[in-house]
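Chemist: Fold the following for me, if possible:
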Amino acid sequence: MERARRAGFVDGRHYTEWLPELDELRSQKRDEEALPLLLRCILATEREADVWNDLVEPDEAHMWFPAPAYYERVAVICRRRKDYVAEIEIIDRWEERATSDRAKASVMGRRLSERKARAIDLMNSR
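Modeler: Here you go, the predicted structure:
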């Protein structure tokens, strides 16, 4: 368990501990500062999920997947910039790692899927 937790660290803190700072940056619309930290948090969520999946014998019902909220926050920044390609790419990145039906059916999984469809529509309407 400790190995998985350590895999989720960003700059000496678990990625979940960065939420207050990320919330503050979001409320102040400081996207340029938030984006690099969000991307590091995404890497940490991916590392942590990989370690958990290595530690346990995952099956469809118990497969670990990266925390989707960080991907969504990056997608929001991309949408604000009208960078639909980057928005689609970050959602694709999550979908590639969250392959279980449980992940796709989660509230955040459905939100990301809907966001991706809208980003594709926006990109194609340019």
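Chemist: what comes up buried for the helix-or-strand element of the chain with minimal mean pLDDT?
Modeler: In the chain, no helix or strand scores lower on mean pLDDT, DSSP states H and E than helix 101-105, which sits at a mean of 87. Using 16 or more other Cβ atoms under 10 Å as the test for burial, helix 101-105 gives residue 103. Just so you know, the C-beta spots here come from the backbone N, C-alpha and C atoms, and that holds for glycine as well.
Chemist: How about residues contacting the very next helix or strand once past that helix?
Modeler: As assigned by DSSP states H and E, the chain's next helix or strand after helix 101-105 is helix 107-124. By Cβ atoms under 8 Å, 6 or more residues apart in numbering, the surrounding residues in contact with helix 107-124 are 68-69, 71-72, 75, 78-79, 82, 84-85, 87-88, 91-92, 94-95, 98, 103-104.
Chemist: which helices and strands sit right next to the least confident helix or strand of the chain?
Modeler: If contacts are counted by 3 or more Cβ pairs under 8 Å, 6 or more residues apart in numbering; DSSP states H and E, helix 101-105 sits against helix 107-124.
Chemist: again, 10 Å this time
Modeler: Here helix 101-105 touches helix 84-97, helix 107-124, going by 3 or more Cβ pairs under 10 Å, 6 or more residues apart in numbering; DSSP states H and E.
Chemist: possible to save the ones you listed as JSON lines with mean pLDDT?
Modeler: Below are the helices and strands packed on helix 101-105 laid out as JSON lines (pLDDT from 0 to 100):
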{"stretch": "helix 84-97", "mean pLDDT": "97"}
{"stretch": "helix 107-124", "mean pLDDT": "97"}
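Chemist: nearest to residue 41, of those?
Modeler: With distances scored as Cβ to Cβ, the stretch of these nearest to residue 41 is helix 84-97 (12.3 Å).
Chemist: Check the offset of the closest one from the chain's centre.
Modeler: 9 Å (Cα atoms, centre = their mean, to the nearest Å).
Chemist: got the buried residues for stretch 48-66?
Modeler: Buried, per 16+ other Cβ under 10 Å, within stretch 48-66: 48, 49, 51, 52, 53, 63, 64, 65, 66.
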